[in-house]
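S.K.: Structure here, sequence nowhere to be found:
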């Protein structure tokens, strides 16, 4: 009898222990389920261009507010490194991969691998061509080129001449910007004396071109720079021959140095692209894709990417010159007034 009672007690104890383990494990699963967050991989071309750091900070902040974690990688302008980063994101089973492509045409296979793994892919600012991405989001690049050209025409460039120092030839935005620019130049009978490109957006190539082509520079009325980083180097080179301010210069991105040149009189205009809007919208759409949602909205159109038609969101840029820089740049808080007018404090508005 004693042995029987002892066996029954032992059996009851074992049942209690098993029940306790089951509850503990069940509780742990619930905690894990509650803590699981959307995982987004974000691969940057590089941080050479000033604005990319703003894009990164806003994207990460908004995604975090929406309950996602973002793994940021910097490829430093090396295509093979960017491919390795995407492979790493696939291995880590990210929900979404967002790519600022170095060479869009080289990433088709990487996108295919991510899609095969069930991962959504967003092409940020630069279209990855002939790839089945889930979203391409950027600014209206044709509008950027049009704005640059019209700013020069308004400076009496009609029947004049211009040199184009464009960005990376592998950047799919470049031909869109330049195509629109050339159309306006043709309409106003502006002669394009030369058109060159800076590989990997290396800004020093703008200065190198000016140093190597003094006769062409002497003949031109204006220089169209693919971005403000190129414009910075171009104006520095022009300043050495005392031509800064005499030759019209335009760029894009509204870098602080470009805004300073506008108020100083050595750059005619820049194109302000509110990166906060772009990065915010991209983060929102990435989280929506991770949750199984679709890209919707009145501003969503489609664009051909080789054999694919993909959702495209094109935000509007803003042309900035001396007349509206206080309102657009300083008024929005993009740059501080004292920074913009650092070199011409006597012109600072009250």
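M.R.: Sure, I can see it. Predicted, not measured: the structure shown is a model, and the values here were computed from it.

S.K.: Give the next helix or strand downstream of the worst-scoring helix or strand of the chain on mean pLDDT.
M.R.: One helix or strand of the chain scores below all others by mean pLDDT, DSSP states H and E: helix 2-35, with a mean of 47. Per DSSP states H and E, the first helix or strand lying C-terminal to helix 2-35 is strand 38-44.

S.K.: Within the sheet, what are the partner strands of that following strand, with directions?
M.R.: When sheet partners are counted by DSSP bridges, strand 38-44 sits next to strand 68-74 (parallel), strand 96-99 (parallel).

S.K.: Next secondary structure after the last one?
M.R.: Right, strand 96-99. helix 108-116.

S.K.: go on, the first one?
M.R.: Using DSSP H and E, the next helix or strand after strand 68-74 towards the C-terminus is helix 79-91.

S.K.: I'd like to know which elements whichever strand or helix holds residue 208 is packed against.
M.R.: Assessed by DSSP H and E, residue 208 sits inside helix 204-212. Helix 204-212 is packed against strand 161-166, helix 228-240, with contacts defined by 3 or more C-beta pairs under 8 Å, 6 or more residues apart in numbering; DSSP states H and E. No exception for glycine: its C-beta is placed from N, CA and C like everyone else's.

S.K.: hmm, try it at 6 Å
M.R.: Counting contacts by 3 or more C-beta pairs under 6 Å, 6 or more residues apart in numbering; DSSP states H and E, helix 204-212 packs against helix 228-240.

S.K.: after the helix it packs on comes which helix or strand?
M.R.: strand 248-250.

S.K.: which residues sit against that following strand?
M.R.: Residues lying outside strand 248-250 but in contact with it, judged by C-beta atoms under 6 Å, 6 or more residues apart in numbering, are 148, 151, 152, 155, 222, 223, 224, 231, 235, 267, 268, 269.

S.K.: again, 7 Å this time
M.R.: Identification of contacts with strand 248-250 by C-beta atoms under 7 Å, 6 or more residues apart in numbering yields 148, 151-152, 155, 157, 221-225, 231, 234-235, 266-269.

S.K.: Keep only those of those residues that are in helices.
M.R.: 148, 151, 152, 231, 234, 235 (DSSP state H).

S.K.: Wait, the fourth one touches residue 260, no?
M.R.: No: Residue 231 is beyond contact range of residue 260, at 11.4 Å (criterion: C-beta atoms under 7 Å).

S.K.: Who has more neighbours out of the two?
M.R.: Set residue 231 next to residue 260 and count neighbours by other C-beta atoms under 10 Å: residue 231 wins out with 29 against 19.

S.K.: pLDDT value on the more buried one, please?
M.R.: According to the prediction, residue 231 has pLDDT 98.

S.K.: Quick one: residues contacting it.
M.R.: Neighbouring residues of residue 231 by C-beta under 7 Å, 6+ apart: 225, 249, 251, 258, 267.

S.K.: Once you drop chain neighbours, what's closest to the first one?
M.R.: With C-beta to C-beta, 6 or more residues apart in numbering as the criterion, residue 225 has its nearest non-adjacent residue at 3.9 Å, and that residue is residue 231.

S.K.: And for the last one?
M.R.: Counting by C-beta to C-beta, 6+ apart, residue 267 lies nearest to residue 261, which is 3.7 Å off, once chain neighbours are set aside.

S.K.: Now the element after whichever strand or helix holds the one you found, going C-ward?
M.R.: Following DSSP H and E, one finds residue 261 within helix 256-264. Downstream of helix 256-264, the first helix or strand assigned by DSSP H and E is strand 270-272.

S.K.: which helices and strands sit right next to that next one?
M.R.: When contacts are defined as 3 or more C-beta pairs under 7 Å, 6 or more residues apart in numbering; DSSP states H and E, strand 270-272 packs onto helix 141-153, helix 256-264, strand 318-320.

S.K.: tell me the mean pLDDT over it?
M.R.: For strand 270-272, mean pLDDT is 98.

S.K.: quick one: strands adjacent to it?
M.R.: Counting by DSSP bridges, strand 270-272 is paired with strand 318-320 (antiparallel).

S.K.: distance between the strand it pairs with and the chain's centre?
M.R.: Distance, stretch centre to chain centre, for strand 318-320: 18 Å (C-alpha atoms, centre = their mean, to the nearest Å).

S.K.: Quick one: the helices in the stretch 251-350 of the chain, in order.
M.R.: 256-264, 275-290, 325, 337-340 (DSSP state H, counting those that start in this stretch).
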